[in-house]
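# Test case, fold it:
(chains A and B)
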Amino acid sequence: MRQAIAGDDEAYHRLLKAVTPVLRAAARRGLARAGQPADQSEDIVQEILLAVHLKRHTWDVNAPFAPWLFAIARNKLIDTLRRRGRRIFVNVDDFAETLADEPPAPTVSASEVETQLKTLPQRQREVLQSIAVEASSIKQTAARFSMTEGAVRVALHRALTSLTAKLREQ
Amino acid sequence: METDQLIRTLAVDNGQRSLPVGIMLALALLAATPLSTAMLLLGLGIRPDIMVAMRNPFFDLKFVVTLALAIPATVISLHLSRPEASLHGWVWLLLAPVLVLAGAIMSEMMLPQRLPMLARLVGHNSMLCMSAIPILSLPLLAAAMLGLRHGAPSRPALAGAIAGLLSAGFAATLYAAHCTDDSPLFVATWYTIAVAGVAGLGALIGARVLRY
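From the prediction side, this is the model:
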């Protein structure tokens, strides 16, 4: 994280990749402990990653990283459980037999980011999709939408910020 | 969206980084202070006998009390803007204004006074005090919320309440220049009620806007 803060994007990528399985396990455990199905654990993982990203300036470079990371993870898990608490859920036991037939597919795709993505302003959505889904670089994206690279960077950051806000308020 | 795609995107966005919360809070408060000061000067004015009053140690003590609230509250609100932070070990800082006030009350008791205790406590302008401090604190409270939004408090309502204390502390420092009631008993009663009201408002707002 120290290298990432210093501007090393590669190190940042490695760090996020390394912590994701830990976060995924924590999200599954948290959902299980709350008696909730683990189907939304990837949504929680993605929300944690977004929060880690947008709040990384609150990490004190001299403080240990793990307590900071798990505080954010915990916050997002509680948020999700609270949100779920407000919704009406069908009793899963009623479907136990049908569910038992399905193998628990280890999914790494989540639906909530996808849903909120559709509500973003068009330009932000296009830039985010170009970089996230089509794996284009800032440069390629700038060329495609005839924008400056600076404008692409700003649009991407805005997209991530408003996506996070929408996930929080949903 | 797949998590790997999201991670790659976040790494691309690594160049966009927020300023530290401390700087954002300082900038926001610096922008709001002239507004609150203008509200005091235009709406209430400074007490006319301020040059004489400044020689009264109990007048000067009001500023010490209010700053002893505002400064520790600012420090605590910055601490709480970190996700892993808790109030534990920091809440004692809030005793500073209480101790100063207790000391001031005791020294006032030991000195001969013209007015009886109850008259000093009730004072002249308690209603104005209770409304002026919250009103003067509004620009500062808004600024504190804007600055602290860059943080990530684990307990947003608590962080909001402390933001209320800090803005009420600075607002009370301004109001003290208008207020003609110098008795620490007056301060302990009416300033405290006003400050508590702003802290409650801060908790309500914080619970909504300081979530991350």
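
# Contacts for stretch A:151-169 next, please.
Contacting residues not belonging to stretch A:151-169 are listed as A:47, A:50-51, A:53-54, A:79, A:112-113, A:116-117, A:119-120, A:123-125, A:127-128, A:131, A:138, A:141-142, A:145, A:147, B:9-10, B:12-13, B:15-16, B:211-212 [C-beta atoms under 8 Å, 6 or more residues apart in numbering or on different chains]. Where you see a C-beta, it was placed from the backbone N, CA and C, and this is true even at glycine.

# Please narrow these to those residing in helices.
Mapping the contacts of stretch A:151-169 onto helices (DSSP state H) picks out A:47, A:50-51, A:53-54, A:79, A:112-113, A:116-117, A:123-125, A:127-128, A:131, A:138, A:141-142, B:9-10, B:12.

# Any of the contacts of stretch A:151-169 buried? List them.
Buried residues within the contacts of stretch A:151-169, counting neighbours by 16 or more other C-beta atoms under 10 Å in any protein chain shown: A:47, A:50-51, A:53-54, A:79, A:112-113, A:116-117, A:120, A:124-125, A:127-128, A:131, A:138, A:141-142, A:147, B:9-10, B:12-13, B:211-212.

# ok now do residue 120, which residues does it touch?
Using chain A here. Contacts of A:Leu120 (C-beta under 8 Å, 6+ apart): A:128, A:159, A:162-163, A:166.

# The chain in question should be chain B.
B:Arg120 makes contacts with B:108, B:113, B:181, B:183, B:185-186, as judged by C-beta under 8 Å, 6+ apart.

# Same check on B:Leu69?
Counted by C-beta under 8 Å, 6+ apart, B:Leu69 has contacts B:94, B:96-97, B:165-166, B:168-169, B:172, B:195.

# before we move on, what about B:Val75?
Contacts for B:Val75 (C-beta under 8 Å, 6+ apart) come out as B:90, B:93.

# can you check B:Met1 too?
Neighbouring residues of B:Met1 by C-beta under 8 Å, 6+ apart: A:46, A:109-110, A:113-114, A:117, A:132-133.

# Any quick ChimeraX command for the buried ones out of these?
Buried members of the contacts of B:Met1, identified by 16+ other C-beta under 10 Å, are gathered into one ChimeraX selection as follows:
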select /A:46,110,113,117,132
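
# how about the contacts of B:Met1 in JSON lines, adding distance to chain B and pLDDT?
Shown next, in JSON lines, are the contacts of B:Met1 (distance: C-beta to the nearest C-beta, whole Å; pLDDT from 0 to 100):
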{"residue": "A:Gln46", "distance to chain B": "6", "pLDDT": "93"}
{"residue": "A:Ser109", "distance to chain B": "5", "pLDDT": "63"}
{"residue": "A:Ala110", "distance to chain B": "7", "pLDDT": "70"}
{"residue": "A:Val113", "distance to chain B": "5", "pLDDT": "85"}
{"residue": "A:Glu114", "distance to chain B": "5", "pLDDT": "82"}
{"residue": "A:Leu117", "distance to chain B": "7", "pLDDT": "87"}
{"residue": "A:Ala132", "distance to chain B": "4", "pLDDT": "91"}
{"residue": "A:Val133", "distance to chain B": "6", "pLDDT": "89"}
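
# avg pLDDT for the helix or strand harbouring A:Ala26?
Assigned by DSSP states H and E, A:Ala26 belongs to helix A:9-33. Mean per-residue pLDDT for helix A:9-33: 91.

# do the same with stretch B:189-198
For stretch B:189-198, the per-residue pLDDT averages 96.

# Same list (the contacts of B:Met1) but as TSV, adding distance to B:Leu78.
Formatted as TSV, those follow (distance: C-beta to C-beta, whole Å):
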residue	distance to B:Leu78
A:Gln46	29
A:Ser109	38
A:Ala110	34
A:Val113	31
A:Glu114	36
A:Leu117	34
A:Ala132	34
A:Val133	39
